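Visitor: Quick one, structure for this:
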Amino acid sequence: MRVSTRFIMSVAAIAMPVPGSVILNSKVLVLNRSFLPVHVTSVKRGFALLYQGVAKAVDESFRSFDFDSWRDLAIEVHHERLGIVDGAIRVPRVLLLTAYERIPKRHVRFSRFNIFARDNNTCQYCSKSLPRPELNLDHVVPRSRGGTSTWENIVCSCHHCNRRKGGRTPEEAGMLLVKRPKRPQWTPFSSEMFSLKRYQEWMPYLSQVDSAYWNTELIQG
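Guide: Residues are numbered from 1 along each chain as shown. Predicted structure coming up:
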């Protein structure tokens, strides 16, 4: 909707440049109609959902508000806020979708993000914990030797160890694995929650269910 875009642009323009941009890109927990967590989005996107009537804001007393009632809600000293055309509006940290009832499938997607999460961003050969750009994925049994792209045959590896291992198996390269790779039991959304800054307003909802985090699934085989 064009009108929601104009509203978000006005929020971004009036908010102070640095703090405002940081807040707009920070996270909001999204719940389905049963108050179960289904996604995490940005404050900017959250305001668009609220303005369009797709979602309602939820406060610490579990009360829900549409855009107009949220805008008119009193802002206390400890509340985060953003400037808008006629004053300020409180930043919602929890949104309730008005027409979404589904619970995401409890399935761990086979993806680059989740392999990094399973291995804790740590090279499974040298045990170094590194930023993700300094890591890649390695087939334990190389594809040239019949290795498959599965949870049990792919690990997180630093570039140095990946080059050192080359097209050999760990045994042939004399590089023992830190742990044998396997399919994780957690769902990716719960892992993402531990890597994000979590807000106090989220706590009542995060223990209710492991929910799916939307990311691209790798092709196994």
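
Visitor: what pairs with residue 39 across the strands?
Guide: residue 30 (DSSP bridges).

Visitor: what's the neighbour count on it?
Guide: 19 (other CB atoms under 10 Å). Where C-beta positions appear, they are placed from N, C-alpha and C, glycine not excepted.

Visitor: do the one 10 residues further on as well
Guide: Neighbours of residue 49 under the rule other CB under 10 Å: 22.

Visitor: Please identify the helix or strand for it.
Guide: Using DSSP states H and E, residue 49 maps to helix 43-52.

Visitor: gap between the residue sitting furthest away from the middle of the chain and residue 126?
Guide: Within the chain, residue 172 marks the point farthest from the mean C-alpha position, 37.7 Å out by CA atoms, centre = their mean. As for residue 172, its distance to residue 126 is 17 Å (criterion: CB to CB, to the nearest Å).

Visitor: can you check residue 78 too?
Guide: From residue 78 to residue 126 the distance is 45 Å (CB to CB).

Visitor: Start and end of stretch 167-174, how far apart?
Guide: End-to-end span of stretch 167-174 (CA to CA, to the nearest Å): 13 Å.

Visitor: Tell me the buried residues in it?
Guide: By neighbour count on 16 or more other CB atoms under 10 Å, the buried set for stretch 167-174 is residue 170.

Visitor: contacts for it?
Guide: With contact meaning CB atoms under 8 Å, 6 or more residues apart in numbering, stretch 167-174 is reached by 125, 140-142, 144-145, 164-166, 176-177.

Visitor: how about those residues in JSON lines, adding secondary structure and pLDDT?
Guide: Listed next are the contacts of stretch 167-174 as JSON lines, based on DSSP: H, G, I helix; E, B strand; the rest coil; pLDDT from 0 to 100:
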{"residue": "125", "secondary structure": "coil", "pLDDT": "98"}
{"residue": "140", "secondary structure": "coil", "pLDDT": "97"}
{"residue": "141", "secondary structure": "coil", "pLDDT": "97"}
{"residue": "142", "secondary structure": "coil", "pLDDT": "96"}
{"residue": "144", "secondary structure": "helix", "pLDDT": "94"}
{"residue": "145", "secondary structure": "helix", "pLDDT": "93"}
{"residue": "164", "secondary structure": "helix", "pLDDT": "97"}
{"residue": "165", "secondary structure": "helix", "pLDDT": "97"}
{"residue": "166", "secondary structure": "coil", "pLDDT": "94"}
{"residue": "176", "secondary structure": "coil", "pLDDT": "94"}
{"residue": "177", "secondary structure": "coil", "pLDDT": "96"}
